[in-house]
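Everything below, folded, please.
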Amino acid sequence: MVGHIAGHQLAGRQRGFVASDATGAVWIGTKDRGLIRFQNGQFKTWRTRNGLLAENIHGLMVTPEGDVWLTFFNRLQRLRRGVFETIELPAGTRYLRAMTEDTAGNVWGGTSEGNLFRIRDGKVTDETESVQGGAASIRCLSATPDGALWIGYAGFGLGRFKGGKYARITTREGLHNNFISQIVEDNLDRLWLAGNGGIFQVSMAEVSQAADAIANGRKARLRSVVYGLAEGLPSLQPNYDTLPAATRSSDGRILMAMRTGLAVVHTENIHDNPDLPPVLVERVTVDGEPIAVYDSKSPLREPDVRALADLHQQHSALPLKANYRKLDIDFTALSFLAPENVNFRYRLEGFEDEWNEAGTYRKATYPHVSSGNYTFHVIACNNSGVWNDVGAKIHFAVQPFFWQRWSFQLALLAGFTLCVIAIVRYVSFRRLRSHVRLLEQQTVLHKERARIAKDIHDDLGANLTQIALLSELTRQDMAAPEKAGEHVEKISSTARQVMKSLDEIVWAVNPRNDTLPHLVDYLGQFTIDFLRAPGVRCRLDLPEHPPELNVPADIRHNLFLAVKEALNNIVKHAGAKEVRLGVDVSNGKLRVVVTDDGQGFESPPQDAWADGLRNMRQRMAEIGGDCAIESHAGSGTTITFDVPWRN
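Predicted coordinates:
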């Protein structure tokens, strides 16, 4: 806390610039009376007739070596050992509004246009590009013993140029004000600054560390201690067009020219404040609506406020709905000693690990966070930088959306597991059905091969054996031409039968015949050829354009053999004169009807005719079909073969 800051009114109507040198002389620059020195009770004046460039002086600076630097509108002059020396400035330069000398003997000058010049041995070097190219107007300059050049900007913060590296510190890093009009270092390792919002100071160690971090591309943070009307400051607006506008006296006091007087900072009266500031959370707001207030249960509160949660007594977690959008938390710290210098840090534990530097701002805002438990922790420091690390904590419980609840997730997991099981089961059954289908196809193939082998063995084998025997008999009966001729005739008939059987086998095996039109055509042609030899009339009732449906080989073969068996029985046993063959495709099945006008029967016969009937039923049963026989004595017989398409 500042022990005493006094304001003194400047007397007289004529403004001037005052500085002292190491010998105790006081130098005064005036607006129209030239340069004046007061030493040992005597005044000495330099005017244009004495070598002064102009009697309207804009500023002056006295170096430890005794040199007096004078600034004019667009020129610069140095008085050394009683001799004036004019320094030429770059073309277009207006007057230097800020000057300082560093520990290396370099004189620095800054302009309102943002130009920075380094002057050594009468030579001027433009260093503007080294400090971001004159980004803003320069109001003041100050050199510190560590070799740093501090630059005060108008609205651009505080700059530091040291060792060829430049860094700029602004309110983002904790600087109280971006308009810096005066810079003075005290003898207690502090940097005093005067800005548009009054006087404030920063620790030299903190501001140097911040500048180092920024120069190396890292983030930085510092704390500003502000002094204003509460400390007796008569005005918050400092001067910045005068040179010098601020200085440090030999006894350590800081003198700063304000708009209405001279501010004197007695640095010896500034003491550290050891008291920790109590921290509390005042209000919690969700989407603009308060949900908790400090001491909400007080009788002095409004009824609607008393219904809210009390942050003074709240220990359980404040519930937050799942779909909230913004969370605002207002906090403060109790300090009656310079409360404007209380700084805060906060973080939402469970959401972030690093502290947020709030400075003197007393509110935290967070967007929507995911469901879970969180703790808001805020700490504060007093005007001396002593931190209360305990601070205040508020617990929150963000409710999950329904799809984030464990019951929903468990149900989802169960549903997913059931789906996986169903998919696996479905795939397994598909594979099993495919495997069964493959086995069925292999079984059908084996069965078809066995059938073909059986047909070849039974029909072709037997007939070929008969041909071989007849051929042997023919060879033995060569001496008897009549017997040999009979044998040859039988051989010829048997060979034709072999050819016919072979044609039937080839037709049944050929996959190109696995269609309904081929089956219908073959049945019709076979019936005509079969009944032609015994002289039985044949009538066909076949569809003109049967559908192109697939008929597997086993169905074709068994259906053909059943029809063949029916025709053979008619020829051998029925004594029919006419046979009618009909084919119909409807109602999801194939129907073949064989009708004769033979003698018929009332009950199933027990001879070979009965064996033929059993064979027909057996063949139809093998392919999932049905055989129906209708007959009456003297009225002929009707045999119906039905084959469903599902087979």
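
chain center to stretch 563-583: distance?
When distances are taken as C-alpha atoms, centre = their mean, to the nearest Å, stretch 563-583 is centred 82 Å away from the chain's centroid.

can you give me the mean pLDDT across it?
With pLDDT averaged residue by residue, stretch 563-583 scores 87.

Then stretch 21-36?
Computed over stretch 21-36, the mean pLDDT rounds to 87.

gap between the two ends of it?
13 Å (C-alpha to C-alpha, to the nearest Å).

buried set for that stretch?
Buried residues in stretch 21-36, counted by 16 or more other C-beta atoms under 10 Å: D21, A25, W27, I28, G29, T30, G34, L35, I36. Every C-beta, even on glycine, is put in place using the N, C-alpha and C of the backbone.

ok, now stretch 155-175?
Of the residues in stretch 155-175, 156-162, 166-170, 173-175 count as buried by neighbour count, 16+ other C-beta under 10 Å.

go on, stretch 319-328?
L320, Y324, L327.

For the residues you listed, could you give me a markdown table that also reports secondary structure and distance to G195?
As requested, these are arranged in a markdown table below (DSSP: H, G, I helix; E, B strand; the rest coil; distance: C-beta to C-beta, whole Å):
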| residue | secondary structure | distance to G195 |
| --- | --- | --- |
| L320 | strand | 40 |
| Y324 | coil | 39 |
| L327 | strand | 34 |
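
picking that back up, pick out whichever of the buried residues of stretch 155-175 sits closest to V286.
Of all those, the one with the least separation from V286 (C-beta to C-beta) is G174, at 29.4 Å.

contacting residues around that closest one?
In this structure, G174 makes contact with A210, R221, L222, R223, S224, N343, E357, G359, judged by C-beta atoms under 8 Å, 6 or more residues apart in numbering.

Relative to L559, how far out is the fourth one?
Distance check for R223 against L559: by C-beta to C-beta, to the nearest Å, it reads 104 Å.

go on, the first one?
Per C-beta to C-beta, A210 is found 101 Å from L559.

Looks like R591 contacts I639 (just checking).
No. Distance between R591 and I639: 11.2 Å, which falls outside the contact criterion (C-beta atoms under 8 Å).

the more surrounded of these two?
The residue with more neighbours, out of R591 and I639, is I639; 23 against 17, by other C-beta atoms under 10 Å.

residues of the helix or strand hosting that one that come out buried?
Taking DSSP states H and E as the criterion, I639 maps to strand 637-644. Of the residues in strand 637-644, those buried under the neighbour-count criterion (16+ other C-beta under 10 Å) are T637, T638, I639, T640, F641, D642, V643.

Please state the offset of it from the chain centre?
For strand 637-644 - counting by C-alpha atoms, centre = their mean - the centre lies 71 Å from the chain centre.

Can I get that strand in PDB? Just the C-alpha atoms.
Taking Å, rounded to 0.1, in the frame of the first residue of the first chain, the C-alpha atoms of strand 637-644 are listed here in PDB:
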ATOM      1  CA  THR A 637     -57.800 -96.300 -66.800                       C
ATOM      2  CA  THR A 638     -56.600 -92.700 -66.000                       C
ATOM      3  CA  ILE A 639     -53.200 -92.300 -64.300                       C
ATOM      4  CA  THR A 640     -52.400 -88.800 -62.900                       C
ATOM      5  CA  PHE A 641     -48.800 -87.800 -62.000                       C
ATOM      6  CA  ASP A 642     -48.400 -84.600 -59.900                       C
ATOM      7  CA  VAL A 643     -45.000 -82.900 -59.100                       C
ATOM      8  CA  PRO A 644     -45.000 -79.800 -56.900                       C
END
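
and that strand, what does it pack onto?
Here strand 637-644 is seen to pack against helix 553-569, strand 589-596, helix 608-622, strand 626-631 when contacts are counted using 3 or more C-beta pairs under 8 Å, 6 or more residues apart in numbering; DSSP states H and E.

give me that answer again for 7 Å
With contacts taken as 3 or more C-beta pairs under 7 Å, 6 or more residues apart in numbering; DSSP states H and E, strand 637-644 sits against helix 553-569, strand 589-596, strand 626-631.

Please name the bridge partners of A154.
Here A154 sits in beta bridges with F179, as judged by DSSP bridges.

what's the neighbour count on it?
Around A154 there are 19 other residues, counting by other C-beta under 10 Å.

again with F408
Residues within reach of F408, counting by other C-beta under 10 Å, total 13.

What's the separation between it and P400?
Taken as C-beta to C-beta, the span from F408 to P400 is 9 Å.

what does G485 give?
Distance of G485 to P400, computed by C-beta to C-beta: 106 Å.

Neighbour count: the two, which is higher?
The neighbour count for G485 versus P400, taken as other C-beta under 10 Å, is higher for P400 (15 against 12).

the bottom helix or strand of this protein by mean pLDDT?
Least confident helix or strand, the chain: strand 5-8 with a mean of 34, by mean pLDDT, DSSP states H and E.

Which SSE is immediately downstream of it?
The helix or strand immediately downstream of strand 5-8 is strand 16-20, counting by DSSP H and E.

Remind me what whatever helix or strand comes next after that next one packs against, helices and strands.
Scanning the chain past strand 16-20 towards its C-terminal end, the next helix or strand to appear is strand 26-30 (assignment: DSSP H and E). Other elements packing on strand 26-30 under the criterion 3+ C-beta pairs under 7 Å, 6+ apart are strand 16-20, strand 35-39, strand 59-62.

how far does the first one sit from the chain's center?
Shown here is strand 16-20, whose average C-alpha point lies 64 Å from the average C-alpha point of the whole chain (C-alpha atoms, centre = their mean).
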